[in-house]
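> Prediction below, plus the sequence it came from.
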Amino acid sequence: LDSMLVPCPSSHVTFSISDSPQKVANWCEQSFITMGEVSLEGGRLRSIYAGLDPTSVEPVWIEATPSEAGSIVKISTANMELAGEVVQDMCKTLGVSELESQADFPDEIEAFRALLESV
């Protein structure tokens, strides 16, 4: 999918791993149906997938930017559960056993807050 035509979801999870963006790209190629090779521009990965979330038409963006320690990875999707599954599979495949992450899913947090208030 073309990043100029597909808006990036505002909800996301971000984390650092010791692997390079190229290894994240390799994982993307192995894990998703792609229309060709997943490529890096300036050492940075940006890959967009549609149809991963059956409850939404929003895409999933996977980005990996080089860092001193490896990569900073950002998974953008409106679905927090799907983001967790993507992170879990990536970490399993790349051999990551511990991970610190920052997540921002305001719509899901608001829905949870509304549920708590109704109880």
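Done, it's in. Numbers count the residues shown, from 1 in each chain.

> May I ask you to name the longest helix in this structure?
helix 80-94 (DSSP state H).

> Give me the residue at the spatial middle of the protein.
Among the residues of the chain, the one closest to the centroid is Ile75, at 1.8 Å (CA atoms, centre = their mean).

> ok, it touching Gly84?
No: in this structure, Ile75 is not within contact of Gly84 by CB atoms under 8 Å, at 9.1 Å. Glycine gets a C-beta too; all of them are placed from N, C-alpha and C.

> what sits in contact with each of the two?
Residues touching both Ile75 and Gly84 (CB atoms under 8 Å, 6 or more residues apart in numbering): Val13.

> The host helix or strand of the residue nearest to the centre of the chain pairs with which strands, and in what direction?
Using DSSP states H and E, Ile75 sits in strand 70-76. Paired neighbours of strand 70-76 in the sheet (DSSP bridges): strand 12-17 (antiparallel), strand 60-67 (antiparallel).

> Among those strands, single out whichever gets nearest to Cys91.
Among the strands paired with strand 70-76, the nearest to Cys91 by CB to CB is strand 12-17 (7.7 Å).

> neighbouring contacts of the closest one?
Here strand 12-17 makes contact (CB under 8 Å, 6+ apart) with 24, 61, 67, 69-77, 83-84, 87, 91, 94, 96, 99-105.

> From these, list just the buried residues.
Buried members of the contacts of strand 12-17, scored by 16 or more other CB atoms under 10 Å, are 24, 61, 70-77, 83, 87, 91, 94, 96, 103, 105.

> Tell me where the model's unsure across this protein.
1-4, 35-36 (pLDDT under 70).

> List the buried residues in stretch 31-39.
Buried, per 16+ other CB under 10 Å, within stretch 31-39: Val38.

> Next: stretch 49-68.
For stretch 49-68, by 16+ other CB under 10 Å, it's Tyr49, Asp53, Glu58, Pro59, Val60, Trp61, Ile62, Glu63, Ala64, Thr65, Pro66.
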